[in-house]
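Chemist: Sequence below, structure please.
(3 chains)
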Amino acid sequence: MNGVTETDPQGLSPEDYATLCGFLRERTGLSFTEAKRYFVDRRVAARMQAVGATDLRAYMNLLRFQASGEELQRLVNLMTVNETYFFREKYQFDCLVNSVLDELVRGRPKGSRLRIWSAGCATGEEPYSIAIMLLENWSRVDDYEIELLASDIDSAVLERAREGIYDERALQGLPAHLRAKYFQPLRGGAEDWGPRWRIVEDLRDSVDFSLVNLADPQQVRGFRGIDVIFCRNLLIYFDDLGRRETASMFHDALAPGGFVCLGHSESMSRMSSLFVPRRFPDAILYQKPIDGGAA
Amino acid sequence: MSANDTGGPRVLVVDDAVTVRAFSRRVLEGAGFVVDEAVNGIEGLERAMAVPPDLVIVDVNMRKMDGYTMLRVLRRDPVLRDVPAIMISTEAKDSDREQALLAGANWYIVKPPRPEVLVEAARLLTGQPLATEGAP
Amino acid sequence: MGLVKKKAAPEVSPADAGGARDPLAALEDADAAVRRDAAHGLGHSPPPGAEAALAHRLQAEGDAGVREAILTALARIATPAAAAAIVPFLDREDAALRNAALESLQQMPVEVAAPALLPLLDHADTDLRIFAVQGLGSLVHPDRAEWLARVMEHDCDVNVGLAAVEALAEAGSPEALSSLETLARRFPDDAFVAFAVDAARSSFRGR
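Modeler: Numbering: from 1, shown residues only, chains lettered A, B, ... in the order given. All right, here's what the predicted structure looks like:
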């Protein structure tokens, strides 16, 4: 067993999907169309495995009849918290370009390397947001060689990340001038998609996407000397021991003094003893102590 | 809570025991302090960094980050280094007190905490008038 | 400079050299990354004797990342031998280590953790008894209420009894009422005991 909750590649049947969406709409007001199919499948499969439900009927019974309503809440959290888009939780990117990078390069010669890893990058909004933030808002971006690594356990989302095609909703948080600069409008395609946009080639080439299961040490071995890891809203899929192991692996992948950014509702205080919180004006991040050891 | 309105000194209680946090809150709020809570050293640092307290009360044994480690980190933080700290522990040996003071504690209380001791130590370390001096 | 364009696969790290080696030997390697990988590997596919080797390394290990890898590996192995290997670390002088050791025990299945922790309820050291109560109190086991009741009714140290009250405040049921009252009677002048007993009582009253 590893800590990652594997998803069922088959997903839910069309009937099951309709049943579940009907239930969620009735109970929570949340509405998921067929276009959200992948998004919903992935989360439901993760929760079914976490609670040991063998089929959707068993899981639906839990959702319907559990007195505490806890499982429904968990599922809803996953459905709502994890919707990703450009510049999501932007204060962390602000923190990166306003404080963290300047601290990291202090004492490093110009031309030296910086490595940023988006772990669990899904469809790519996060690493591309980082790329745009760096180019737009970090004045020393041209003084350093910046490697942007991005990984996910899911080959289908990685394919979409590499393609870099997004709908209007994903781009909502982007100012118009950035949209004009880094995206090209796409024509054609199915009618029900609405307008779509593609990341410019130059930016697509700047992110190195790879298929990685964070729970497999062989697969993460290449990630070494990382300066900043973004791992937001991913570890909620792991059990306690899996979170502890993954945090431990991040500790190993980071250079001394490197940082981890978690989602705003996540805290290292529930995961690992290896990191120390650090306050910056824009955010609180977690740092691997310079001497490598615990504080 | 009314204590928030009074704007008394802010105390951050860091303890993994819900009963200790609740007890400290009741006793300290009753004495005019504003109380915040955290369940271990990491969360304690997060809370302190988000809203710097006037006093921290820190347990020793906690999962993820123990009280000694938390105090050592606190004492290196430019904003928090001078925040007074009470360490609270089940251990009553001299060596335990010594270890707490070396980690950066200003005061040491042995569990179970007595309300009047908690309040007097908190008043002393936050510069409030002591009960014996006839507090208002 | 600026953003680096896509390049070849990530560089090979020195740890790869240890990949084919005996993981028990790699656990004693001079390179911390090799030791960490070895511990992680042992956690997922432990050969006979892995528990003792991990515990032996933990005694001397100074690198926080390797220590954490060893403790999570033992939690992952979760055999009676792994639990027994962790127990001696519960009374280490190093507060971070003893707390991480307790956490690893708590992350093991109940049928492994409980037998390792139960004997500590009778240990002469108060702090070990408190750890035992905290550990046992966090487990889901049919005898849990009984263990906690025994502590509240008989343990001579008030803080050990309070650890049991704390466990009940987190998750308890009305059958614990009489032992809670016994504890309150045994330490009648302690305001905190009265408060904690009340808190535990009200946490499950009305459920």
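
Chemist: what sits against A:Ile130?
Modeler: By Cβ atoms under 8 Å, 6 or more residues apart in numbering or on different chains, the contact set of A:Ile130 is A:Phe93, A:Leu96, A:Ile116, A:Ser118, A:Leu148, A:Phe230. C-beta coordinates here come from the backbone N, C-alpha and C atoms, glycine included.

Chemist: Off-centre distance for the helix or strand of chain A with the lowest mean pLDDT?
Modeler: Least confident helix or strand, chain A: helix A:70-81 with a mean of 73, by mean pLDDT, DSSP states H and E. Helix A:70-81 sits 17 Å away from the centroid of its parent chain (Cα atoms, centre = their mean, to the nearest Å).

Chemist: For chain B, list the residues in contact with chain C, please.
Modeler: B:17-20, B:22-23, B:26, B:60-69, B:90-91, B:111-115 (Cβ under 8 Å from any Cβ of the partner chain).

Chemist: if you look at the residues you listed, which of them are in helices?
Modeler: Among these, the members falling in helices (DSSP state H) are B:Val18, B:Thr19, B:Val20, B:Ala22, B:Phe23, B:Arg26, B:Gly67, B:Tyr68, B:Thr69, B:Pro115.

Chemist: distance of the fifth one from B:Glu29?
Modeler: I take that to be B:Phe23. Using Cβ to Cβ, to the nearest Å, we find B:Phe23 at a distance of 11 Å from B:Glu29.

Chemist: So the two - more neighbours on which side?
Modeler: B:Phe23 (24 against 18; other Cβ atoms under 10 Å in any protein chain shown).

Chemist: number of nearby residues for the nearest residue to the more buried one once chain neighbours are set aside?
Modeler: Sequence neighbours aside, C:Phe195 is the residue nearest to B:Phe23 in space, at 4.9 Å (criterion: Cβ to Cβ, 6 or more residues apart in numbering or on different chains). Other residues near C:Phe195 number 20, with proximity taken as other Cβ under 10 Å.

Chemist: Need phi/psi at C:Phe195.
Modeler: phi -60, psi -50 (degrees, to the nearest 10).

Chemist: That one touches B:Arg21, doesn't it?
Modeler: No: taking contacts as Cβ atoms under 8 Å, C:Phe195 lies outside contact range of B:Arg21: 11.5 Å.

Chemist: Residue 68: what's it in contact with?
Modeler: Looking at chain A here, since you left the chain open. Taking Cβ under 8 Å, 6+ apart as the definition, A:Ser68 has no contacts.

Chemist: My question was about chain B, not that one.
Modeler: By Cβ under 8 Å, 6+ apart, the contact set of B:Tyr68 is B:Val60, B:Gln99, B:Ala100, B:Ala103, C:Ala95, C:Ala96.

Chemist: again, 6 Å this time
Modeler: The neighbourhood of B:Tyr68, defined by Cβ atoms under 6 Å, 6 or more residues apart in numbering or on different chains, consists of B:Ala103, C:Ala95.

Chemist: On the three-state scheme, residue 59 is what?
Modeler: Using chain A. The assignment at A:Tyr59 comes out as helix when based on DSSP: H, G, I helix; E, B strand; the rest coil.

Chemist: For burial, what's the neighbour tally of the closest residue to it other than its chain neighbours?
Modeler: Once flanking residues are discounted, A:Tyr59 sits nearest to A:Ala53: 3.8 Å by Cβ to Cβ, 6+ apart. Other residues near A:Ala53 number 19, with proximity taken as other Cβ under 10 Å.

Chemist: Can you say which helix or strand has A:Ala53 in it?
Modeler: Per DSSP states H and E: A:Ala53 is located in neither a helix nor a strand.

Chemist: got the buried residues for the helix or strand harbouring A:Ile130?
Modeler: Using DSSP H and E, A:Ile130 maps to helix A:125-137. Judged by neighbour count (16 or more other Cβ atoms under 10 Å in any protein chain shown), helix A:125-137 contains these buried residues: A:Glu125, A:Glu126, A:Pro127, A:Tyr128, A:Ser129, A:Ile130, A:Ala131, A:Ile132, A:Met133, A:Leu134, A:Leu135.

Chemist: Ok, stretch A:149-166 next?
Modeler: Quick answer for stretch A:149-166 (16+ other Cβ under 10 Å): A:149-154, A:157-158, A:160-162, A:164-166.

Chemist: Of the residues you listed, just say which sits nearest to A:Val44.
Modeler: Nearest to A:Val44, judged by Cβ to Cβ, of the buried residues of stretch A:149-166 is A:Asp154 at 14.8 Å.

Chemist: For the closest one, give me its contacts.
Modeler: Counting by Cβ under 6 Å, 6+ apart, A:Asp154 has no contacts.

Chemist: Can you pull the phi and psi angles for it?
Modeler: phi -110, psi 110.

Chemist: picking that back up, among the buried residues of stretch A:149-166, which are located in helices?
Modeler: Using DSSP H, the buried residues of stretch A:149-166 in helices are A:Val157, A:Leu158, A:Arg160, A:Ala161, A:Arg162.

Chemist: Would you map the strands across chain C?
Modeler: Using DSSP state E, the strands found in chain C span residues C:2-3.

Chemist: Can you show me the helices along it?
Modeler: C:23-26, C:32-44, C:50-60, C:64-77, C:80-86, C:95-106, C:110-117, C:126-137, C:144-154, C:158-170, C:177-186, C:191-204.

Chemist: C:Ser138 contacts C:Met108, doesn't it?
Modeler: No: the pair C:Ser138 / C:Met108 is not scored as a contact, 11.1 Å apart, by Cβ atoms under 6 Å.

Chemist: Please work out the angle formed by the directions of the helix holding A:Ile130 and helix A:155-163.
Modeler: Here helix A:125-137 runs at an angle of 20 degrees relative to helix A:155-163 (axes from the mean of the first three to the mean of the last three Cα atoms, to 10 degrees).

Chemist: So which bits of stretch C:77-93 are buried?
Modeler: C:Ile77, C:Ala78, C:Ala81, C:Ala82, C:Ala83, C:Ala85, C:Ile86, C:Val87, C:Phe89, C:Leu90.

Chemist: Check those residues against chain A and report the nearest one.
Modeler: Nearest to chain A among the buried residues of stretch C:77-93: C:Ala78, at 9.3 Å, using Cβ to the nearest Cβ.

Chemist: Quick check: closest non-adjacent residue to that closest one.
Modeler: C:Ala78 sits nearest to C:Met108 (Cβ to Cβ, 6+ apart), 4.4 Å away.

Chemist: List the contacts of that neighbour.
Modeler: Neighbours of C:Met108 in contact, by Cβ under 6 Å, 6+ apart: C:Ala75, C:Ala78, C:Ala83.

Chemist: separation between the first one and A:Ala50?
Modeler: Summarising the geometry, the distance separating C:Ala75 from A:Ala50, computed by Cβ to Cβ, is 18 Å.

Chemist: A helix includes A:Arg25, no?
Modeler: Yes: A:Arg25 forms part of a helix when assessed by three-state DSSP.

Chemist: re earlier: out of the residues of chain B next to chain C, which are buried?
Modeler: B:17-20, B:22-23, B:60-69, B:90-91, B:111-115.

Chemist: low-scoring stretches of chain B, by residue?
Modeler: Scanning chain B for pLDDT under 70 picks out B:1-6, B:132-136.

Chemist: buried residues in stretch A:219-239?
Modeler: Buried residues in stretch A:219-239, counted by 16+ other Cβ under 10 Å: A:220-224, A:226-238.

Chemist: ok, now stretch C:100-111?
Modeler: Within stretch C:100-111, the residues scored as buried using 16+ other Cβ under 10 Å are C:Ala100, C:Ala101, C:Leu102, C:Glu103, C:Ser104, C:Leu105, C:Gln106, C:Gln107, C:Met108.

Chemist: Tell me the residues on chain B that lie near chain A, please.
Modeler: Selection of chain B residues close to chain A by Cβ under 6 Å from any Cβ of the partner chain yields B:Asn40, B:Ile42, B:Glu43, B:Leu45, B:Glu46, B:Met49, B:Lys64, B:Met65, B:Thr69, B:Arg72, B:Val73.
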